[in-house]
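Colleague: Mind folding the following:
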Amino acid sequence: MRDLKILVFGKDGQVGKGFQEKLQNQTNVTFIGRNECDLFSADQIQAALQKYQPQIIINAAAYTAVDKAETEIDQAHAINGIAPGIMAQYITKVPNGQLIHYSTDYVFDGSKSTPYEEQDATNPLGQYGKSKLAGEQAIQEAFVSNPNNSAKYFILRTSWVYGDGGNFIKTMLKLAAEREQLKVISDQYGVPSSAQWLAEIALKLLSKDVSSGIYHSVPDGQTSWYGLASYAIDQAKGLGTTFKVEPEKIQAIPATEYPLPAPRPYNSRMSNQKLKIALDLNLFPNWKDQVCEYVKKILSK
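Modeller: Numbering: from 1, shown residues only. As a prediction, this is how the structure comes out:
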């Protein structure tokens, strides 16, 4: 890959920063963010692609304001739905070109009682999920229209991402230091995913002979938002951090007690078996191990 030109969109996001850490010593990689290319503008995307002429595109950018997406529909759909299609149309014309694109658990409605698999029917509940599904479909349509090309795409659905930036774990640790009581949703389930690990998995995919398609990119295990908050706070306490909140004062509540503008899937669990087979791996890290390392990292700063 060191001989191929790589363009990473979304350098300022958590996943984008994960790629910067993993690829920091490679001179063949260009990172761009909103200041260099506004994904709301198709013209700016086309101009960036023509300027950098990448052979590998990593789209780590997204409109992620889930609640705002309910009113900022055009912006969400432009960035999440249209922009990936433009990238895909470009890469299908590049011999052996490859596209990595990140999608989300929000393409599902959460009504399934077991972890979602890649072939399960999608049914997004809100505009954010609908915009992300539109992006998946735009990529697939671009490749269908160029069936004899050697290019590949990898749509990596993930969930509950945390890394270098604002996220749920940091928010919970901050609130635990400020408040004597916390209320956290306990009936929505998913898999916390490290942004650095997501970058690492993508680079492994690019280095192997793997078929184009959708892959659920999440670590092993599962938890609730309450379980994640409790575990992160417990890990931080074990490392000597003091909090105002006592363990018994972290209260588990149903999602109905914390209404938000955009609906969330109750079940965001996704099976990672297809990705394990593609990468010839039997095990992925457990989310607990990754969160433990992440808490150590942010407390050491």
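Colleague: okay, Val291: pLDDT?
Modeller: Here, the pLDDT recorded for Val291 equals 98.
Colleague: how much space between it and Leu239?
Modeller: Val291 is 12 Å from Leu239, where distance means CB to CB, to the nearest Å. (Each C-beta comes from the backbone N, C-alpha and C, glycine too.)
Colleague: Which one's more surrounded, the two?
Modeller: Val291 (21 against 12; other CB atoms under 10 Å).
Colleague: give me phi/psi at the more buried one?
Modeller: phi -70, psi -40 (degrees, to the nearest 10).
Colleague: Do you have the strands of the stretch 101-250 of the chain handy? List them.
Modeller: Counting by DSSP state E, counting those that start in this stretch, the stretch 101-250 of the chain has strands at residues 152-158, 161-162, 182-185, 189-190, 193-194, 213-216, 223-224, 250-253.
Colleague: Just name the most buried of the ones you listed.
Modeller: Mean neighbours per residue, mean count of other CB atoms under 10 Å, is largest over the strands of the stretch 101-250 of the chain for strand 193-194, with a mean of 26.
Colleague: who touches that strand?
Modeller: Strand 193-194 is contacted from outside by 18, 158-163, 217-219, 287, 290-291, 294, using CB atoms under 8 Å, 6 or more residues apart in numbering.
Colleague: go with 7 Å
Modeller: The set of residues external to strand 193-194 that reach it, using CB atoms under 7 Å, 6 or more residues apart in numbering, is Thr158, Ser159, Trp160, Val161, Tyr162, Gly163, Val218, Pro219, Gln290, Tyr294.
Colleague: what's the answer for stretch 216-227, then?
Modeller: Identification of contacts with stretch 216-227 by CB under 7 Å, 6+ apart yields 118, 156-159, 184-193, 197-198, 201, 252, 269-272, 274-275, 283-288, 290.
Colleague: Determine the number of other residues adjacent to Leu180.
Modeller: Slight slip there: residue 180 is Glu, not Leu. Neighbour number of Glu180 under other CB under 10 Å is 10.
Colleague: Could you tell me the per-residue confidence at the residue nearest to it when sequence neighbours are not counted?
Modeller: Take Glu180 and drop its neighbours on the chain: the residue closest to it by CB to CB, 6 or more residues apart in numbering is Lys244, 5.0 Å away. For Lys244, the model assigns a pLDDT of 94.
Colleague: hmm, back to that, would you format the strands of the stretch 101-250 of the chain as TSV with distance to Leu173 and mean pLDDT included?
Modeller: Shown next, in TSV, are the strands of the stretch 101-250 of the chain (distance: least, CB to CB, whole Å; pLDDT from 0 to 100):
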stretch	distance to Leu173	mean pLDDT
strand 152-158	22	98
strand 161-162	11	98
strand 182-185	11	96
strand 189-190	19	98
strand 193-194	16	98
strand 213-216	28	98
strand 223-224	16	98
strand 250-253	12	96
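Colleague: and those strands as CSV, adding distance to Leu299?
Modeller: Formatted as CSV, the strands of the stretch 101-250 of the chain follow (distance: least, CB to CB, whole Å):
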stretch, distance to Leu299
strand 152-158, 24
strand 161-162, 14
strand 182-185, 18
strand 189-190, 24
strand 193-194, 16
strand 213-216, 30
strand 223-224, 20
strand 250-253, 19
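Colleague: Tyr90 is nearest to which of the ones you listed?
Modeller: Among these, the nearest to Tyr90 by CB to CB is strand 152-158 (11.5 Å).
Colleague: just checking, what packs against that closest one?
Modeller: Here strand 152-158 touches strand 98-104, helix 127-144, helix 195-207, strand 213-216, going by 3 or more CB pairs under 7 Å, 6 or more residues apart in numbering; DSSP states H and E.
Colleague: mind listing what that strand pairs with, with the direction of each?
Modeller: Strand pairing for strand 152-158, determined by DSSP bridges: strand 98-104 (parallel), strand 213-216 (parallel).
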